[in-house]
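>>> just the structure for this:
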Amino acid sequence: MSDKITIYTDGAARGNPGPGGYGIVMISGRHRKELSAGYRLTTNNRMELMAVIIALETLKRKNSNVTIHTDSRYVADAVEKNWVFEWERKGFKKKKNPDLWRRFLIAYRQHRVSFRWIKGHANNPENELCDRMAVRASYGPVLEEDGGYTENDQQELF
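Numbers count the residues shown, from 1 in each chain. Okay, here's the model as predicted:
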């Protein structure tokens, strides 16, 4: 018997790039977990994707049935329309955030994951909570370094 897990995620950036954060709500039966973290310099899309990665990496049991609810077309469409698998086949050439997409695919392949796109700021309580958590995290007193963003940013300058 496998676990059935529902995950809500959201990412935010104040400026693009700018300080950012993610929020996650994970629900399985009576269990609930909320996670968030902030970053000094990042982008909205990186935080949207980071939220999904952290959620999947947090799961303790492999091969779980996971439904991820996100308001990010960037993330949901990349997977549900199979774009990310084509990007991977081509070595992520000329694609943004290859570090996170590679990390995502490792976590993604450990479970049975489906995505549900939901409209943001449309009164979905869990999505609204994730949004508040992501924004609050971007104002945190200790913001992490998004090393992948820094590397990508520097590469594009030369």
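>>> from here on, just use CA atoms for contacts and neighbour counts.
Will do.
>>> so which bits of stretch 137-145 are buried?
Neighbour counts over stretch 137-145 (16 or more other Cα atoms under 10 Å) mark 137-140, 143-144 as buried.
>>> what's in contact with it?
12-14, 19-23, 36-41 (Cα atoms under 8 Å, 6 or more residues apart in numbering).
>>> same check, this time on stretch 21-39
3-13, 19-20, 47-48, 50-52, 55, 126, 129-140, 142-146.
>>> which of the residues you listed fall in helices?
Among the contacts of stretch 21-39, DSSP state H puts 47-48, 50-52, 55, 126, 129-138 in helices.
>>> who wins for most neighbours among the contacts of stretch 137-145?
residue 21 (36 neighbours; other Cα atoms under 10 Å).
>>> excluding chain neighbours, what is closest to that residue?
Spatial nearest neighbour of residue 21, chain neighbours left out: residue 38 (4.0 Å); criterion: Cα to Cα, 6 or more residues apart in numbering.
>>> from residue 65, how far out is that neighbour?
28 Å (Cα to Cα, to the nearest Å).
>>> same question for residue 130.
Residue 130 sits 21 Å away from residue 65, taking Cα to Cα as the criterion.
>>> and the two most separated of the buried residues of stretch 137-145?
Among the buried residues of stretch 137-145, the pair separated by the greatest distance (Cα to Cα) is 139 and 144, at 11.4 Å.
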